[in-house]
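*Asks:* need a 3D model of the following:
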Amino acid sequence: MKSIYIFVVCFTLSLHAQQILPERQRAEVVDNILKDRFDNLLPQLMDDTGFDMWILISREYNEDPVLKTMLPATWLNARRRTILVFYRNKAQNTIEKFAVARYNFGENINSAWDKEKEPNQWKRLMQIIEERNPKSIGLNYSDNFNICDGIVKTDYEAFMANLPNTYKNRVKSAEKLAIGWIETRTETEMVIYNQLVDITHDIIAEAFSEKVITPGVTTTTDVEWWMRDKVTALGLETWFHPTVDVQRTAEKLGNHLYAFSNRPEDMVILPGDLLHCDFGITYLRLNTDCQELAYVLKPNETEPPKFLQNALKDGNRVQDIFTSNFETGKTGNKILLESLNQAKSEGLRPAIYTHPLGTYGHSSGTTLGMWDSQDGVPVNGDYPLHENTVYAIELNTTVTIPEWKRDIRIMLEEAGFWGEKGFRYVNGRQTKLLTVPRVKAHQGN
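*Replies:* Below is the predicted model of the structure:
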């Protein structure tokens, strides 16, 4: 088995410039990142949101989505009832971390419950609270941010029933704290993110090539399952099933759902087709989300038609307009409307539906449009833009193609980072159409 394992690892490295780590090294990376986030990021977030105590409660296989991002690398789920307590003493610049559980929470958080001394888990939790006398206790419940609504009804009721009356009016929704934890990326995570997106781009480039596609034979569904198999072979995961769709001269433009749910399956890919994919992977507890385009060359063609190349430039222009409107503290709705108005003033026909990206694919943070909410998104779109956050810059523009006697939609999506120095793409963006097959230089007569 050992020799096979070594072969698999070496095989994966030969396919990609970025090294895909074996599981043991991945675990070390994950736990080191968590330690940095607990020790350095979390105190800042608690100060910014006004909480001196944050309590997360979960049971096995029914985890709070936020607590799930905190699990040690060797824990795939919570164990029994797992309760985490974070106490921030700003005056002393300390943060205490407790696991009111039967086990240490990995190496980062030690168990603070000896069942032999205190059989009742809830009573032990109340002892920790009373010993520290917090001014504001955060619990993960939220009306509008699903990832921040992790405490279940039974745990909430048990917690409140056991909590002394003195503290009941100090319990508040930890919505903003939870969003901050989910959306904020550290320097180390951003180094990893670059590698993650690079791997994603590599897989798309291989999928949209003659290595995978034989025009007249290969179907869109074949390519989708090739992408799934490729990810599995590399020891990675996808967080959604890939999609591949076709736009061609003989087809009418469908609605926004066409690329995601209403497209016909098993369409045979033909010369002259404009291909589009939506694809993302999960690695080291981060996620990518990418949409790119490829053109299937006709006989004697050496590049895509100029009208398609120009259409992609229109898509890139919408991207530029959109990201130029990013500003710390500005709401997603404001950025959305400013960008749409500017693009339309330039004669473009845009739609923007960008979402936070990170520990979840559709993550928490500000929402910048939805495909069916181009006038703004209530509540989630009113959340302001924060620094050190990543977004799937997802949008499209409709372009009239006289040569095809129809409209096409240039759909693009790339991971983008917003930080102190402004906006940047995590690992670049598509500015040229991929071609099937790749153009090769031929010598001789």
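
*Asks:* residue boundaries of the helices in the chain?
*Replies:* 2-15, 23-36, 42-49, 65-70, 121-132, 153-162, 165-168, 175-183, 187-207, 220-233, 306-324, 332-345 (DSSP state H).

*Asks:* just the mean pLDDT for the shortest one, thanks.
*Replies:* Okay, so that is helix 165-168. In this model, helix 165-168 has a mean pLDDT of 95.

*Asks:* out of the helices of the chain, which comes closest to residue 405?
*Replies:* helix 306-324 (11.9 Å; C-beta to C-beta). Every C-beta, even on glycine, is put in place using the N, C-alpha and C of the backbone.

*Asks:* now that closest one and helix 332-345, what's the angle there?
*Replies:* If you take axes from the mean of the first three to the mean of the last three C-alpha atoms, to 10 degrees, helix 306-324 sits at 140 degrees to helix 332-345.

*Asks:* how far off centre is helix 306-324?
*Replies:* On the basis of C-alpha atoms, centre = their mean, to the nearest Å, helix 306-324 sits 23 Å off its chain's mean C-alpha point.

*Asks:* and stretch 223-233, by the same measure?
*Replies:* 19 Å.

*Asks:* report the buried residues of it.
*Replies:* Within stretch 223-233, the residues that count as buried by 16 or more other C-beta atoms under 10 Å are 223-224, 226-227, 230-231.

*Asks:* pull the residues that contact it.
*Replies:* Applying C-beta atoms under 8 Å, 6 or more residues apart in numbering, the contact partners of stretch 223-233 are 12, 203-204, 206-208, 212-213, 237-238, 241-244, 269, 277, 279, 281.

*Asks:* follow-up on the earlier one: to residue 408, which of the helices of the chain lies closest?
*Replies:* helix 306-324 (6.4 Å).

*Asks:* which strands or helices does that closest one pack on?
*Replies:* Where contact means 3 or more C-beta pairs under 8 Å, 6 or more residues apart in numbering; DSSP states H and E, helix 306-324 is packed against helix 332-345, strand 350-352, strand 389-401, strand 406-419.

*Asks:* now it and strand 389-401, what's the angle there?
*Replies:* Going by the same axes, to 10 degrees, helix 306-324 makes 150 degrees with strand 389-401.

*Asks:* buried stuff in helix 306-324?
*Replies:* Buried, per 16+ other C-beta under 10 Å, within helix 306-324: 308, 311-312, 314-316, 318-319, 321-323.

*Asks:* averaged pLDDT, it. What do you get?
*Replies:* Mean predicted confidence for helix 306-324 is 98.

*Asks:* can you pull out the low-pLDDT segments for this protein?
*Replies:* The model of the chain has pLDDT under 70 over residues 1-18, 77-78, 253-263, 440-445.

*Asks:* how does it divide into domains?
*Replies:* For the chain, the structural domains run 23-182, 186-436, going by automatic domain parsing.

*Asks:* what is the neighbour count of the residue nearest to residue 107 when sequence neighbours are not counted?
*Replies:* Spatial nearest neighbour of residue 107, chain neighbours left out: residue 31 (6.4 Å); criterion: C-beta to C-beta, 6 or more residues apart in numbering. Residue 31 has 16 neighbours, counted by other C-beta atoms under 10 Å.

*Asks:* neighbours around the residue lying closest to residue 395 once chain neighbours are set aside, how many?
*Replies:* Excluding its sequence neighbours, the residue lying closest to residue 395 (C-beta to C-beta, 6+ apart) is residue 352, at 4.4 Å. Neighbour count for residue 352, taken as other C-beta under 10 Å: 25.

*Asks:* again, but for residue 19
*Replies:* Neighbourhood size, residue 19 [other C-beta under 10 Å]: 12.

*Asks:* bridged to residue 413, which residues?
*Replies:* When bridges are called by DSSP bridges, residue 413 pairs up with residue 291, residue 394.

*Asks:* and it, how far from residue 323?
*Replies:* Noted for residue 413: a distance of 13 Å to residue 323, by C-beta to C-beta, to the nearest Å.

*Asks:* with residue 125 instead?
*Replies:* From residue 125 to residue 323 the distance is 45 Å (C-beta to C-beta).

*Asks:* do residue 344 as well
*Replies:* 17 Å.

*Asks:* next: residue 93.
*Replies:* Distance of residue 93 to residue 323, computed by C-beta to C-beta: 36 Å.

*Asks:* start to end distance for stretch 169-182?
*Replies:* 26 Å (C-alpha to C-alpha, to the nearest Å).
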